[in-house]
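Colleague: missing the sequence, but the structure's below:
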């Protein structure tokens, strides 16, 4: 049975990279979520949901969901991610953005299948530390 905590409104799946902590905290504050987020921090962040060990990340989300019953799941990734091999793996910044956005869309759809009751928000932190936020459900009506 979930413990209802008014303060926990979201689960954030993010990378361990220190460079994105400030931008993510700012984005959460702007959205009124600061201080009310369970954080799942993993190398590669939300991109790891689609990796071989993705079930472990999903399990961490499931535990937070069961314990605190938030309303939202925030999936975050960033440019120059070391888990992907850095920005040099891409032709240019636009190719990197397109890849990251596409993967976030795919992974958000997978997350919606596992957690249909959660609103899914996708966040990509660009090379300058600016968050690009896409809210809502992928491919279906959002509650």
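Modeller: Right, received. Where do you want to start? All of these numbers come straight from a predicted model, not from anything done at the bench.
Colleague: tell me where this protein has helices.
Modeller: 21-30, 54-68, 93-114 (DSSP state H).
Colleague: out of the ones you listed, which is closest to residue 80?
Modeller: Among the helices of the chain, helix 93-114 comes nearest to residue 80, with 8.2 Å by C-beta to C-beta. In this view, the C-beta of every residue, glycine as well, is placed from N, C-alpha and C.
Colleague: buried set for that closest one?
Modeller: Residues of helix 93-114 classed as buried by neighbour count (16 or more other C-beta atoms under 10 Å): 96-97, 99-100, 103-104, 107-108, 110-112.
Colleague: how about these in TSV, adding distance to residue 13?
Modeller: Converted to TSV, these look like this (distance: C-beta to C-beta, whole Å):
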residue	distance to residue 13
96	19
97	19
99	18
100	14
103	13
104	11
107	9
108	11
110	12
111	8
112	14
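Colleague: can you lay out the residues you listed as CSV showing pLDDT and distance to residue 16?
Modeller: Output for the buried residues of helix 93-114, formatted as CSV (pLDDT from 0 to 100; distance: C-beta to C-beta, whole Å):
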residue, pLDDT, distance to residue 16
96, 96, 19
97, 95, 21
99, 96, 20
100, 96, 17
103, 95, 18
104, 96, 18
107, 96, 17
108, 96, 21
110, 96, 21
111, 97, 19
112, 96, 25
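Colleague: which one of those residues is nearest residue 76?
Modeller: Of the buried residues of helix 93-114, the one sitting nearest to residue 76 (C-beta to C-beta) turns out to be residue 104, at 8.5 Å.
Colleague: how about the contacts made by the closest residue to residue 89 other than its chain neighbours?
Modeller: Excluding its sequence neighbours, the residue lying closest to residue 89 (C-beta to C-beta, 6 or more residues apart in numbering) is residue 96, at 7.9 Å. Taking C-beta atoms under 8 Å, 6 or more residues apart in numbering, we find residue 96 in contact with 79, 87, 89-90.
Colleague: kindly report the same for residue 79.
Modeller: Contacts of residue 79 (C-beta under 8 Å, 6+ apart): 87, 93, 96-97, 100, 124-127.
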